[in-house]
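Enquirer: After the sequence you'll find the predicted model.
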Amino acid sequence: MRQKAIVIGATGLVGQHLVEQLNALYDTLIVIARRPPRFINSRMRFYQVNDFDNLKEVFASVGADAKTDAFSCLGTTKKQAGSDEAFYKVDHDYNVSFAKLCRDKGVQNFFLLSAMNADKGSRFFYNRVKAETEQSIIELNFNRLVIFRPSLLLGKHKGRPLESLSQKAFSLIAPLVSESLPLRPISAQRVAIAMAMSAQAIYESGKYREAAKFSTVDIIENKQLLAMTRVKH
């Protein structure tokens, strides 16, 4: 793929794996983050931000255009954010701001990491915010918007011992849990692989070259993510 990709949330659970996947697909990978990703090489351009509030200023120099695919894995938890307002700012405002900046630069394809059970009518604040973020980005009318809704993510969660303990427990019973179950946990790496696979499929279809008359929104639920990345023996 002789194109550029731009990604935020590159140091998170999924993002750190996505950077490696995208680096293998694109000639140039633009990373905007608070700290350098764990994987970096000469084909990557890293822009450090102290706070995503100044994303617009940083974005002015990144060189995104119509042949740039955009990826967002940016997110947090209410506990890490410290309040509902801070959580909303990260999960909604920063993501939507990034998407708008991409759209203004002519970006056609946008790939968004969301979460299972994103629902505006949910009694859970987390699920409502995820759904509102999805809707705000849908309204920007990208040529192709792909939304990924994984279940519980398996990976190394810093400072979250209960999740680490849960993952260890799950690893013992994982061979007995069918991957056809919609709620089955999924590794962060597999989600990253599915995101990269989706971008590759769009590229190969040639749809990114077409002048879109209608925007297309694809929502990939956890069951499909598992199926896409299942290892065939």
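Expert: Structure's in. What do you need?
Enquirer: Next, the buried residues of stretch 193-200.
Expert: For stretch 193-200, burial by neighbour count (16 or more other CB atoms under 10 Å) applies to 193-199. To be clear about C-beta, it is placed using only N, CA and C from the backbone, and glycine gets the same treatment.
Enquirer: Quick check: which helices or strands does the longest helix anywhere in the chain pack against?
Expert: In the chain, taking DSSP state H as the definition, the longest helix is helix 188-205. Judged by 3 or more CB pairs under 8 Å, 6 or more residues apart in numbering; DSSP states H and E, helix 188-205 is in contact with helix 15-23, strand 68-72, strand 109-113, strand 144-149, strand 153-154, strand 216-221, helix 222-228.
Enquirer: repeat that with 10 Å
Expert: strand 4-8, helix 15-23, strand 68-72, strand 109-113, strand 144-149, strand 153-154, strand 216-221, helix 222-228 (3 or more CB pairs under 10 Å, 6 or more residues apart in numbering; DSSP states H and E).
Enquirer: I'd like those as CSV, with mean neighbour count and mean pLDDT appended.
Expert: Formatted as CSV, the helices and strands packed on helix 188-205 follow (neighbours: other CB atoms under 10 Å; pLDDT from 0 to 100):
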stretch, mean neighbour count, mean pLDDT
strand 4-8, 26, 96
helix 15-23, 23, 94
strand 68-72, 27, 97
strand 109-113, 26, 97
strand 144-149, 22, 96
strand 153-154, 20, 82
strand 216-221, 15, 94
helix 222-228, 19, 92
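Enquirer: Out of these, flag the one nearest residue 52.
Expert: Taking CB to CB, strand 4-8 is the member of the helices and strands packed on helix 188-205 nearest to residue 52, at 7.7 Å.
Enquirer: just for the protein, where's the confidence low?
Expert: 1-2, 155-183, 207-215, 231-233 (pLDDT under 70).
Enquirer: circling back to that earlier point, output the helices and strands packed on helix 188-205 in JSON lines, with distance to residue 45 appended to each entry.
Expert: Formatted as JSON lines, the helices and strands packed on helix 188-205 follow (distance: least, CB to CB, whole Å):
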{"stretch": "strand 4-8", "distance to residue 45": "9"}
{"stretch": "helix 15-23", "distance to residue 45": "12"}
{"stretch": "strand 68-72", "distance to residue 45": "12"}
{"stretch": "strand 109-113", "distance to residue 45": "19"}
{"stretch": "strand 144-149", "distance to residue 45": "23"}
{"stretch": "strand 153-154", "distance to residue 45": "27"}
{"stretch": "strand 216-221", "distance to residue 45": "28"}
{"stretch": "helix 222-228", "distance to residue 45": "29"}
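Enquirer: Relative to residue 60, which of the ones you listed is closest?
Expert: Among the helices and strands packed on helix 188-205, the nearest to residue 60 by CB to CB is strand 4-8 (13.1 Å).
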